[in-house]
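> with the input below, show me the fold.
(chains A, B, C, D, E and F)
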Protein chains: 6
Amino acid sequence: MPTVKLVAEDHPDPIVREVFADIKATKKIDFIPDIWRALATHPEHLRLCWTRLKAIMQPGKVDLLVKEIVALAVSVTNSCRYCVNSHTAAAQKLGLSQEGLGEVLAVVGLFNQMNKLADGYQVEPDVLPGDWVQ
Amino acid sequence: MPTVKLVAEDHPDPIVREVFADIKATKKIDFIPDIWRALATHPEHLRLCWTRLKAIMQPGKVDLLVKEIVALAVSVTNSCRYCVNSHTAAAQKLGLSQEGLGEVLAVVGLFNQMNKLADGYQVEPDVLPGDWVQ
Amino acid sequence: MPTVKLVAEDHPDPIVREVFADIKATKKIDFIPDIWRALATHPEHLRLCWTRLKAIMQPGKVDLLVKEIVALAVSVTNSCRYCVNSHTAAAQKLGLSQEGLGEVLAVVGLFNQMNKLADGYQVEPDVLPGDWVQ
Amino acid sequence: MPTVKLVAEDHPDPIVREVFADIKATKKIDFIPDIWRALATHPEHLRLCWTRLKAIMQPGKVDLLVKEIVALAVSVTNSCRYCVNSHTAAAQKLGLSQEGLGEVLAVVGLFNQMNKLADGYQVEPDVLPGDWVQ
Amino acid sequence: MPTVKLVAEDHPDPIVREVFADIKATKKIDFIPDIWRALATHPEHLRLCWTRLKAIMQPGKVDLLVKEIVALAVSVTNSCRYCVNSHTAAAQKLGLSQEGLGEVLAVVGLFNQMNKLADGYQVEPDVLPGDWVQ
Amino acid sequence: MPTVKLVAEDHPDPIVREVFADIKATKKIDFIPDIWRALATHPEHLRLCWTRLKAIMQPGKVDLLVKEIVALAVSVTNSCRYCVNSHTAAAQKLGLSQEGLGEVLAVVGLFNQMNKLADGYQVEPDVLPGDWVQ
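Predicted structure coming up:
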């Protein structure tokens, strides 16, 4: 159960109204997911979070499905229930198949294992990136 | 410093020889990264790890660069120094630019934040994936 | 569901009785929170945990509300459901407002992000504490 | 070693120049900490990170030293070397004594333990926050 | 709720059938735990996971109960609900008593605390393993 | 580098002297590991940590080598460099062979993977412990 009372979708605070409207328009959805209703208990923070997320989660050098897959990989590694569900749904909507999900989770599982083996044996970095072409 | 003596590349154990040769051939490299030399202190485990990694890290529904990006996202979230370095290098080799790296890390940072906000307010899952088309 | 049967509040074990009585007196509550009832399945460990917590969670150089806020920040970062709830409640009781909670979680979210960016780019420590005045 | 070439303090990019100048002015320092020089490899992301951090890390309902202590608690729980050092230094500058640091780390250690005991016994939330006074 | 439809125990895929039969025979159980039914949505990955687990989870230099205890310690540290439950049950079946469970969780809690104190004060490794006798 | 000046072994504070002497006697070593010298900057906290560790790290239902193995599993999962080194050394001293270490780390790696797969597919607990025989 949330530790705060979720803010109603029609809350009169002008920042909340503006952000909620932008969430619906940007995500093409007709309701406000609960994470944003919880964040709206502190409108300034809601705005900071939403505008940053909106800026980062648009296609660039890396396309949107890959960004959702990264979001899912992070959420699984952090064991965040809310986020695993919402990013699985978002990646599905963008075209990830069940087999693709299996591949992504296989990679996530594999490197959670390999990370711990590298740390378990205290191996020092030996394969370093080279110079980046700008 | 590793907690075990890294196994020499020309170690006579037949399992080690076979896996080391396959690592070089598969990755098209002419040396054995230290993580595999540490794992080789237990040859059976070395083989289990390498054959699984080889099976998972090939192109499928998800291409190889995306898999390396997922590996990087997991390694950053786990703060594994060895793995952050090696997966940054691997993604670079597969074509990730510095700007692309910036985008990937932006997404990793963003959802490490959002994961904790969802858990911090104890928001329950509300956006669930639908049925999967096989 | 707990993996052990929670110990009843009136359990006859003398260590359990003594610790439970002290928990009620110290926290000014009239029931035993479930974490202590679970720990009571191993009375010696219950006592070790409670006496340490009691020693640390009193005002000192850092006041009690700040200590509860730190406990909340740790619990959120670890995604511990039980503890996020109980430390949010405890900080609320000590006077944290909903806006204050929003600020605390904003800081928790922000540095979960910044931590991963520092590790993601493998930045080495450059701003170090100076000598401490005793 | 950072995985990107740190951006020079006098880099000509206008966003980088503006953010670097604001970092120096806001933090009253005469150099740019390496985390910002790494982030500057992606100027838009640098700006997003800095403007959010600046907005959050100012006194509000929670004062600045408490916010730095929360940042330290998060960084310790995430084991981020760069951030543990810089937030210890920042809290010291704002007046935290060595004894105060000892108290903060005692609380951080204690609840890393208690979090795992609650999860280890799978205890369900029983102490919930009440209604918040706005 | 799982994010995929759990695969039925009598699913016709030959890899799934073979693995499910081996799980029942090896673990001496007459149903398939849900984790394997979820993994079966990607049969090749199911087989990789099961064959590796089967190879690692047999008695060797370290006996099976100790391996289950290690699995539990990892699962608690990662706060994985499913796994805490199943490894507690498995260790119980192999003879761990309630008092033994209390001791294991005491050690898990203690070193989650000590790990953070070592990182919180940024102490460098000073007690290193010596040479290993093969 | 530690964020505090490590306390000298011959520090005159009576609590520090007493704890340091007990550490040497109990562990049968002739120097004080750095973690205790860091904790000694807050003598009361040093004493709390040491007396709890001493009480927990003695043979009981679970023997000492198993407790060290659990400490190592936790430290690897938390990626704590100081603690991975010291618990590997301690387990080695108590008789863990290099092959045994390989088995332990194999289990740690495996369940770091399986934990994330269970959370990645959001599988609910289905195998629960039964009643405990006291």
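
> need the contact list for the closest residue to chain E within chain A.
Residue nearest to chain E within chain A: A:Gly102 (2.8 Å; CB to the nearest CB). Every residue, glycine included, has its C-beta placed from N, CA and C. For A:Gly102, the contact set (CB atoms under 8 Å, 6 or more residues apart in numbering or on different chains) comprises E:41-42, E:45.

> what about these, which are in strands?
Residues of these located in strands (DSSP state E): none.

> just name the closest of the residues you listed to B:Gln122, please.
The nearest member of these to B:Gln122, counting by CB to CB, is E:Thr41 at 29.1 Å.

> you'd agree that closest one is up against A:Glu103?
No. With contact defined as CB atoms under 8 Å, E:Thr41 does not reach A:Glu103; the gap is 11.2 Å.

> A:Gly100: neighbour count?
Using other CB atoms under 10 Å in any protein chain shown, A:Gly100 is surrounded by 20 other residues.

> need the residues of chain A near chain D, please.
Counting by CB under 8 Å from any CB of the partner chain, the positions of chain A adjacent to chain D are A:1, A:3-5, A:41, A:44-45, A:48, A:52, A:55-56, A:125, A:128-129, A:131-132.

> narrow these to those that are buried.
A:3-4, A:41, A:45, A:48, A:52, A:56, A:125, A:129, A:132 (16 or more other CB atoms under 10 Å in any protein chain shown).

> so which residues of chain A form strands?
Counting by DSSP E, chain A contains no strands.

> give me the average confidence score over the helix ranked longest in it.
Among the segments of chain A that qualify as a helix by DSSP state H, the longest is helix A:98-120. The average pLDDT within helix A:98-120 is 98.

> chain center to that helix: distance?
On the basis of CA atoms, centre = their mean, to the nearest Å, helix A:98-120 sits 18 Å off its chain's mean C-alpha point.

> ok, for A:Ala90, nearest residue in space, not its chain neighbours?
A:Glu68 (4.9 Å; CB to CB, 6 or more residues apart in numbering or on different chains).

> A:Glu18 too?
Nearest non-adjacent residue to A:Glu18 (CB to CB, 6+ apart): A:Arg47, at 7.9 Å.

> list the contacts of that neighbour.
Contacts of A:Arg47 (CB under 8 Å, 6+ apart): A:15, A:18-19.

> give the buried residues for stretch A:82-96.
The neighbour-count check on stretch A:82-96 (16+ other CB under 10 Å) flags A:82-92, A:96 as buried.

> in the residues you listed, find the pair that's most separated.
Farthest pair in those (CB to CB) is A:Tyr82 and A:Leu96. Separation: 18.7 Å.

> now chain A against chain C: closest residue?
Taking CB to the nearest CB, chain A has A:His42 as its residue nearest chain C, at 2.8 Å.

> in chain A, which spans are helices?
For chain A, the helices defined by DSSP H occupy A:14-27, A:34-39, A:43-56, A:64-77, A:81-93, A:98-120.

> any chance of those helices in a markdown table, plus distance to F:Pro33?
Below are the helices of chain A laid out as a markdown table (distance: least, CB to CB, whole Å):
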| stretch | distance to F:Pro33 |
| --- | --- |
| helix A:14-27 | 52 |
| helix A:34-39 | 44 |
| helix A:43-56 | 43 |
| helix A:64-77 | 31 |
| helix A:81-93 | 39 |
| helix A:98-120 | 20 |
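
> who wins for proximity to B:Ala118 among the ones you listed?
That would be helix A:81-93 among the helices of chain A, by CB to CB, at 4.0 Å.

> quick one: mean pLDDT over that closest one.
Mean pLDDT, helix A:81-93: 98.

> what's in contact with it?
A:33-35, A:65, A:68-69, A:71-72, A:74-76, A:101, A:104, B:111, B:114-115, B:118-119, B:123-130, B:132, E:3, F:119-120, F:122.

> for chain D, see how far away the residue most central in space within chain A is.
Chain A has A:Ala71 as the residue nearest its centroid, 4.0 Å off, counting by CA atoms, centre = their mean. The span separating A:Ala71 from chain D equals 16 Å under the rule CB to the nearest CB, to the nearest Å.

> related to what we said a few turns ago, and the angle for the longest helix of chain A with helix B:43-56?
Here helix A:98-120 runs at an angle of 150 degrees relative to helix B:43-56 (axes from the mean of the first three to the mean of the last three CA atoms, to 10 degrees).

> now stretch A:97-105, how far from the centre of its chain.
Counting by CA atoms, centre = their mean, stretch A:97-105 is centred 17 Å from the centre of its parent chain.

> cool, stretch A:6-19 as well?
In terms of CA atoms, centre = their mean, the centre of stretch A:6-19 is set 22 Å apart from its chain centre.

> let's see stretch A:55-71 as CSV, backbone CA atoms only.
Output of stretch A:55-71 as CSV, limited to C-alpha atoms (Å, rounded to 0.1, in the frame of the first residue of the first chain):
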residue,chain,number,x,y,z
ALA,A,55,13.9,14.3,-22.1
ILE,A,56,15.8,11.0,-21.7
MET,A,57,13.1,8.6,-22.9
GLN,A,58,13.0,9.7,-26.5
PRO,A,59,14.7,8.1,-29.5
GLY,A,60,18.3,9.3,-30.1
LYS,A,61,21.4,7.3,-30.9
VAL,A,62,19.7,4.5,-29.0
ASP,A,63,16.1,3.7,-30.0
LEU,A,64,13.2,3.7,-27.7
LEU,A,65,12.7,-0.1,-27.4
VAL,A,66,16.4,-0.5,-26.5
LYS,A,67,15.9,2.2,-23.8
GLU,A,68,12.9,0.3,-22.4
ILE,A,69,14.9,-2.9,-22.4
VAL,A,70,17.6,-1.1,-20.4
ALA,A,71,15.0,0.3,-18.0
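
> contact partners of that stretch?
Contacts of stretch A:55-71 (CB under 8 Å, 6+ apart): A:83, A:87, A:90-91, A:94-96, A:104, B:62, B:66, B:69-70, B:73, B:97, B:99-100, B:103-104, B:106-108, B:110-111, D:44-45, D:48.

> return the set of buried residues in it.
By 16+ other CB under 10 Å, the buried positions in stretch A:55-71 come out as A:56-57, A:60, A:62, A:65-71.

> and chain A, which residues reach chain F?
So chain A meets chain F at A:76-77, A:79, A:81, A:84-85, A:105, A:108-110, A:112-117, A:119-122 (CB under 8 Å from any CB).

> report the separation between A:Gln92 and A:Thr26.
19 Å (CB to CB, to the nearest Å).

> ditto for A:Cys83
Look at A:Cys83 and A:Thr26: by CB to CB, they are 18 Å apart.
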